[in-house]
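**Student:** Take a look and give me a structure for this.
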Amino acid sequence: MEAMRSGLGRVLPGSSILFLCDMQEKFRHITYFPQIVSVAARMLKVARLLEMPVVLTEQYPQGLGPTVPELGAEGLRPLPKTCFSMVPVVRQELDARPQLCSVLLCGIETQACILDPCYCLGSALTSLYPQNTTLDLLDRGLQVHVVVDACTSRSQVDRLVALARMRQSGAFLSTSEGLILQLVGDAAHPQFKEIQKIIKEPAPDSGLLSLFQGQNPLFS
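**Tutor:** From the prediction side, this is the model:
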């Protein structure tokens with residue numbers, strides 16, 4: 001019965017955490033970057049209203065720069081990394097919260113990819129992105145909810161295949177508004193009016209419709 005319940009993919013503020021992965025200055029060239037950051041910023045505002053924990057990572061910030069200001073992550077201490085998953089640098093945070101069941105994941109790139117060496121100041125560093133983070137979190141027994149309108153890649157083929165790969169591995173694919181409304185749960189929630197203001201405007205188009213149109217064999 002417990003396995004069946006966990007398969008429902010419910011999210012509750014008291015047992016969820018928001019992960020914000022590598023939305024940094026040198027990644028501004030990535031397709032749909034402004035839209036992805038805008039949606040991630042909405043998720044961050046809601047997490048703060050619901051008093052959910054949030055972790056923020058930066059990939060090799062010496063070469064790739066800081067988190068972009070439009071994310072609105074002031075007050076969060078970014079965790080620098082060079083590894084291929086967020087999990088090693090956030091392990092202490094996860095271990096300190098045994099009540100956690102669900103991770104809501106936003107960021108770039110959706111798949112693991114090798115950075116242009118010039119971004120890494122001549123180093124052939126390989127970046128960590130949501131796909132590897134997802135697999136590590138699933139390995140820990142946590143549910144992963146990939147916020148599909150808050151994740152992108154330079155290549156939309158990579159983005160689509162990575163979403164399918166994460167779904168095959170057991171992650172849930174959800175939109176930002178769908179997850180926000182699950183977290184609030186009731187229009188009588190004391191923070192609902194503030195959250196309603198955040199989601200009043202539809203999330204910006206991040207190219208998902210074209211990815212999911214037609215009979216897509218990756219999602220059959």
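
**Student:** switch to C-alpha atoms for all contacts and neighbour counts from now on
**Tutor:** OK.

**Student:** contacting residues around the lengthiest strand in the chain?
**Tutor:** Counting residues, the longest strand in the chain under DSSP state E turns out to be strand 143-152. Strand 143-152 is touched from outside by 6, 9, 30-33, 35-40, 101-110, 134, 137-138, 159, 163, 170-176, 179, 203, 206, 208, with contacts defined as Cα atoms under 8 Å, 6 or more residues apart in numbering.

**Student:** Stretch 170-185 now?
**Tutor:** Identification of contacts with stretch 170-185 by Cα under 8 Å, 6+ apart yields 9-13, 39, 43, 46, 134, 138, 143-150, 163, 166-167, 191-192, 199, 203.

**Student:** residues near Val89, how many?
**Tutor:** Residues lying near Val89 (other Cα atoms under 10 Å) number 16.

**Student:** Please apply the same query to Phe84.
**Tutor:** Per other Cα under 10 Å, the neighbour tally for Phe84 reads 19.

**Student:** That one - that's part of a helix, no?
**Tutor:** No - counting by DSSP: H, G, I helix; E, B strand; the rest coil, Phe84 is located in no helix; its state is coil.

**Student:** Distance of it relative to Gln168?
**Tutor:** Distance, Phe84 to Gln168, using Cα to Cα, to the nearest Å: 20 Å.

**Student:** Next one, pLDDT for the closest residue to Arg167 other than its chain neighbours please.
**Tutor:** Excluding its sequence neighbours, the residue lying closest to Arg167 (Cα to Cα, 6 or more residues apart in numbering) is Leu173, at 6.8 Å. In this model, Leu173 is scored at 93, pLDDT.

**Student:** Can you pull the phi/psi pair for Leu173?
**Tutor:** Phi and psi for Leu173, reported as degrees, to the nearest 10, are phi -100, psi 120.

**Student:** bridging residues for it?
**Tutor:** Under the criterion DSSP bridges, Leu173 forms beta bridges with Val146.

**Student:** Whichever of the contacts of strand 143-152 end up buried, select them in PyMOL.
**Tutor:** Restricted to buried positions by 16 or more other Cα atoms under 10 Å, the PyMOL selection for those reads:
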select buried, resi 9+31+32+33+35+36+37+38+39+40+101+102+103+104+105+106+107+108+109+110+134+137+138+159+163+171+172+173+174+176+179+203+206
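
**Student:** Just the contacts of strand 143-152: which are in helices?
**Tutor:** Within these, residues falling in helices by DSSP state H are 6, 33, 35-40, 134, 137-138, 159, 163, 176, 179, 208.

**Student:** Determine which two of these are furthest apart.
**Tutor:** Ser6 and Phe33 (32.1 Å; Cα to Cα).

**Student:** number of nearby residues for Thr82?
**Tutor:** For Thr82, the count of nearby residues is 15 (other Cα under 10 Å).

**Student:** and if you look at Val90?
**Tutor:** A count of nearby residues for Val90, using other Cα under 10 Å, gives 15.

**Student:** same check, this time on the one 5 residues further on
**Tutor:** Here the neighbour count serves as a burial measure; for Asp95 (other Cα under 10 Å) it reads 10.
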